[in-house]
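1. Next input, structure requested:
(one chain, ligands or ions: 1)
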Amino acid sequence: MTEQQRVLLIIGGGIAAYKCLELIRRLREAGVQVRVILTKGGAEFVTPLSVSSLAGDKVYGDLFSLTDESEMGHIRLSREASLVVVAPATADLMAKLANGLANDLASTALLATDKPVIIAPAMNARMWLHPATQRNVATLKADGVTVIEPGSGALACGETGPGRMAEPDAILSVILDRLQAAPRPLAGRHALVTAGPTWEAIDPVRYIANRSSGKQGYAIAGALARLGARTTLISGPTALNAPAGVARVCVESARDMLAATEAALPADVAVCVAAVSDWRAAVGGGQKLKKNGAPPSVELIENPDILATLSRHNRRRPKLVVGFAAETENVVAYAQDKLARKGCDWIIANDVCHEKGVMGGECNTVHLVTANGVEDWPTATKEDVAARLAERIAGALTGVA
Ligand code: C5P
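-> Below is the predicted model:
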């Protein structure tokens, strides 16, 4: 580890808190500084003295401690860490974070942080499986929190099932992976990515959609986040989980996607990967169309073009705007035309003809089309295409390439 990294560890109230003593020891052995917030519940399971002895630092626990606030306010506490780890993450702590509650030091620090958050839940199996907890887990993942899923087995409460906190070794390796992650050239930058299809209502139950899986856009959002960008993913309906460290905004229609994208500005870079429906029904919603008589004709009208709107934004045009061009023929020529028409800086052109299996598949063959010319990239997984594109974006924004 190059420079000294610091983890803010929040120990929640659960029997698994004892495993955190080992985690603190192992982190320090790995050269990581550990600062601890011990919740009231956590202090029922491990003592402040054992925690501070292992951490080599005082332990924080009371939001309204005047001494703590003057020495180290909750904002500084959360910002001075390279990342924040919650272990054990109780159902209560998760519910607070998922809903933005801040009524003690732990929840306040979590809300105030601008650093990646990793949580290791631990609780009774029924509490873990309860729809409310599962809803909170989904929300937290969508907010970019990394969730280290609990294991199954005998629980301290005597029941068996999922809910055992991951072992210190497993938590340690997630933390170290995160800390040792490659250089973060996009730290301090904001990246916007649109991904997935859009759904355009014909009536309350029918809609126009397309075959986009969202995989390429999600991979790009994840790759940008790994390079340190604060990343907002505006996603149409997909079956995918939000990548770690990415804040996802879920939308359905092109108009919602445009509104969410503009609401997320300003951004340093926007990558429009979404397969936005070009048209929507002139009259969508209302009542369900009935099957009596002749088939109805649905009048289509044009949707807003998100890529073109961003590219021509007066005050808040991102420094770099990247579009995608999915074509089934004349891939590069069409992309060059699109570059000029939409006013973006780069187009990633890809051949989505049926034989290539790009739509919904794992691989992609793309060409990077810019004002300077065309680069043909070798066929690679969508993850690898994403990593390469993220590096290029970092180079362009930092002036290295
Ligand atoms: O015009 P076409 O759909 O081929 O352009 C593709 C590019 O434009 C993609 O980057 C896509 O995300 C973006 N786009 C958009 N809004 C639309 C249509 C396309 O952002 N309404």
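
2. Residue 61 touches residue 44, doesn't it?
-> No: if you go by CB atoms under 8 Å, residue 61 and residue 44 don't touch, sitting 11.9 Å apart. All C-beta spots, glycine's among them, are computed from the backbone N, C-alpha and C.

3. neighbour count winner among the two?
-> Using other CB atoms under 10 Å as the criterion, residue 61 and residue 44 rank with residue 61 on top: 20 against 13.

4. For the more buried one, give me its contacts.
-> Shown in contact with residue 61 (CB atoms under 8 Å, 6 or more residues apart in numbering): 37-40, 43, 48, 105.

5. now with 6 Å?
-> Residue 61 makes contacts with residue 38, as judged by CB atoms under 6 Å, 6 or more residues apart in numbering.

6. what about it, distance to the ligand?
-> Using CB to the nearest ligand atom, to the nearest Å, residue 61 is found at 48 Å from the ligand.

7. Around the ligand, pick out the residues from the protein.
-> Residues of the chain lying near the ligand by CB under 6 Å from any ligand atom: 194, 254, 272-274, 276, 278, 303, 305-307, 323-325, 338.

8. just the buried members of these?
-> 194, 254, 272-274, 276, 303, 305-307, 323-325, 338 (16 or more other CB atoms under 10 Å).

9. Provide the count of other residues in contact range of residue 115.
-> So residue 115, with other CB under 10 Å, has 17 neighbours.

10. did I read that right, it in a helix?
-> No: using DSSP: H, G, I helix; E, B strand; the rest coil, the assignment for residue 115 is coil, not a helix.

11. what residue ranges in this protein score low on pLDDT?
-> Scanning the chain for pLDDT under 70 picks out the ranges 1-4, 63-72, 181-182, 244, 353-360, 400-401.

12. Which segments of it make up each domain?
-> Domain ranges of the chain: 6-179, 190-398, per automatic domain parsing.

13. Let me know the helix or strand that the residue sitting furthest away from the middle of the chain is in.
-> The outermost residue of the chain, judged against the average C-alpha position, is residue 293 (47.7 Å), by CA atoms, centre = their mean. Using DSSP states H and E, residue 293 sits in no helix or strand.

14. Look up phi and psi at it.
-> The phi/psi pair for residue 293 (degrees, to the nearest 10) reads phi 80, psi -160.

15. ok, now which ones touch the residue nearest to the spatial centre of the chain?
-> Computing the C-alpha centroid of the chain and ranking residues by CA atoms, centre = their mean puts residue 246 first, at 1.6 Å. For residue 246, the contact set (CB under 6 Å, 6+ apart) comprises 144, 221, 225, 231, 233.

16. Was I right to think the first one contacts residue 245?
-> What it means is residue 144. Yes: under the criterion of CB atoms under 6 Å, residue 144 makes contact with residue 245 at 4.9 Å.

17. Compare the two and say which is more crowded by neighbours.
-> For residue 144 and residue 245, the more surrounded residue by other CB under 10 Å is residue 245, and the numbers stand at 25 against 21.

18. And the more buried one, how far from residue 158?
-> Taking CB to CB, to the nearest Å as the measure, residue 245 falls 37 Å from residue 158.

19. hmm, back to that, list the beta-bridge partners for the residue nearest to the centre of the chain.
-> Note on residue 246: beta-bridge partners by DSSP bridges are residue 231.

20. ok, so what distance separates it from the ligand?
-> On the measure of CB to the nearest ligand atom, residue 246 and the ligand end up 17 Å apart.

21. Next up, the contacts around the residue of the stretch 1-150 of the chain found nearest the ligand.
-> Proximity of the stretch 1-150 of the chain to the ligand (CB to the nearest ligand atom) peaks at residue 142, 20.9 Å away. Going by CB under 6 Å, 6+ apart, residue 142 touches 242, 248.

22. Could you check how far whatever helix or strand residue 18 lives in is from the centre of its chain?
-> Following DSSP H and E, one finds residue 18 within helix 17-29. Centroid displacement of helix 17-29 relative to its chain, using CA atoms, centre = their mean, to the nearest Å, is 27 Å.

23. Quick check: buried residues in it?
-> 17, 19-21, 23-24, 26-27.

24. Stretch 242-261 now?
-> Residues of stretch 242-261 classed as buried by neighbour count (16+ other CB under 10 Å): 242-249, 251-261.

25. Same question for stretch 363-376.
-> Applying 16+ other CB under 10 Å to stretch 363-376 flags 364-370 as buried.

26. Residue 176: which of these is nearest?
-> Nearest to residue 176, judged by CB to CB, of those is residue 364 at 30.7 Å.

27. Relative to residue 377, how far out is that closest one?
-> Residue 364 is 9 Å from residue 377, by CB to CB.

28. before we move on, back to that, just the ones of the buried residues of stretch 242-261 in strands?
-> Counting by DSSP state E, the buried residues of stretch 242-261 place 246-249 in strands.

29. what's the helix or strand containing residue 234 packed up against?
-> Residue 234 is part of strand 230-235, with elements assigned from DSSP H and E. The helices and strands touching strand 230-235, judged by 3 or more CB pairs under 6 Å, 6 or more residues apart in numbering; DSSP states H and E, are strand 190-195, helix 215-226, strand 246-250, helix 254-263.

30. Give me the angle between the shortest one and strand 230-235.
-> Which is strand 246-250. Taking axes from the mean of the first three to the mean of the last three CA atoms, to 10 degrees, one finds strand 246-250 and strand 230-235 inclined to each other by 30 degrees.

31. re the thing from before, now, which of the buried residues of helix 17-29 sits nearest residue 399?
-> Looking across the buried residues of helix 17-29 and measuring by CB to CB, the closest to residue 399 is residue 27, at 35.5 Å.

32. any idea how far the closest one lies from residue 183?
-> 21 Å.

33. ok, which stretches of the stretch 101-250 of the chain are helices?
-> Using DSSP state H, counting those that start in this stretch, the helices found in the stretch 101-250 of the chain span residues 105-112, 125-129, 131-142, 168-179, 215-226.

34. what sits up against the first one?
-> Spelled out, it's helix 105-112. Against helix 105-112 from outside (CB under 6 Å, 6+ apart): 10, 37, 39, 63, 74-75, 77-78, 96-97, 101-102.
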